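K.L.:
Quick one: sequence and predicted model below, then my questions.
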Amino acid sequence: MQFGRSYEEFEVGATYKHWPGKTVTEYDDHLFCLLTMNHHPLHSILLGMSVADISGKAIANLEVESLRHVAPTFHGDTLYGETTVLEKTESKSKDDRGVVYVETIGYNQDGKIVCIFRRKVMVPKASYLEARGGEQPGRPVPVPDKFWGGPQA
């Protein structure tokens, strides 16, 4: 399973359905409110759901705009999300990255849309990743020892 996408992998008009959904518990709500002093955890849950598909490789999250809670969410609701690519623009200052503009919608178990937001994410091009060691730069290689003989053992 990949984590995020490079600039070249995004297509304008593509929609990514985030999986799995998340059932919001009272505990989730209280924990979020205590940590952030924000009493609307919904947008954070949806943003988190989208990371593996959208911003997992992000260089920077540039902007969240037009965040709208359009219907109530209750403890016990299961939330699902999907993100559509609205636009992508190559960086004018650095040729190894670009900005992806997306819209995420969140809906409950009945298909009722409860939240809509748009954001801009700076993502690397493939050349950026290659220059820094590939998909997982800095990841060490496991060293065989007396407990593990290596992948062929």
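P.N.:
Perfect, I can see it now. Residues are numbered from 1 along each chain as shown.
K.L.:
CA atoms for contacts and neighbours, from now on please.
P.N.:
Fine.
K.L.:
Spatially central, which residue of the chain would that be?
P.N.:
residue 51 (1.4 Å; C-alpha atoms, centre = their mean).
K.L.:
Measure how buried the closest residue to that residue other than its chain neighbours is and give me the count.
P.N.:
Leaving aside its sequence neighbours, residue 51 sits nearest to residue 4 (C-alpha to C-alpha, 6 or more residues apart in numbering; 6.6 Å). Residues near residue 4, counting by other C-alpha atoms under 10 Å, number 19.
K.L.:
same deal with residue 10?
P.N.:
Neighbour tally, residue 10, other C-alpha under 10 Å: 20.
K.L.:
Ramachandran angles for it?
P.N.:
phi -90, psi 140 (degrees, to the nearest 10).
K.L.:
For the top helix by length along the chain, list the C-alpha coordinates in PDB.
P.N.:
Counting residues, the longest helix found in the chain (DSSP state H) is helix 26-36. Extracted as PDB, the C-alpha positions of helix 26-36 are listed here (Å, rounded to 0.1, in the frame of the first residue of the first chain):
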ATOM      1  CA  GLU A  26     -17.800   9.900  22.800                       C
ATOM      2  CA  TYR A  27     -14.200   9.200  23.900                       C
ATOM      3  CA  ASP A  28     -12.800  10.400  20.500                       C
ATOM      4  CA  ASP A  29     -14.800  13.600  20.800                       C
ATOM      5  CA  HIS A  30     -13.700  14.300  24.400                       C
ATOM      6  CA  LEU A  31     -10.100  13.500  23.700                       C
ATOM      7  CA  PHE A  32      -9.900  15.800  20.700                       C
ATOM      8  CA  CYS A  33     -11.700  18.600  22.600                       C
ATOM      9  CA  LEU A  34      -9.300  18.300  25.500                       C
ATOM     10  CA  LEU A  35      -6.200  18.300  23.400                       C
ATOM     11  CA  THR A  36      -7.100  21.100  21.000                       C
END
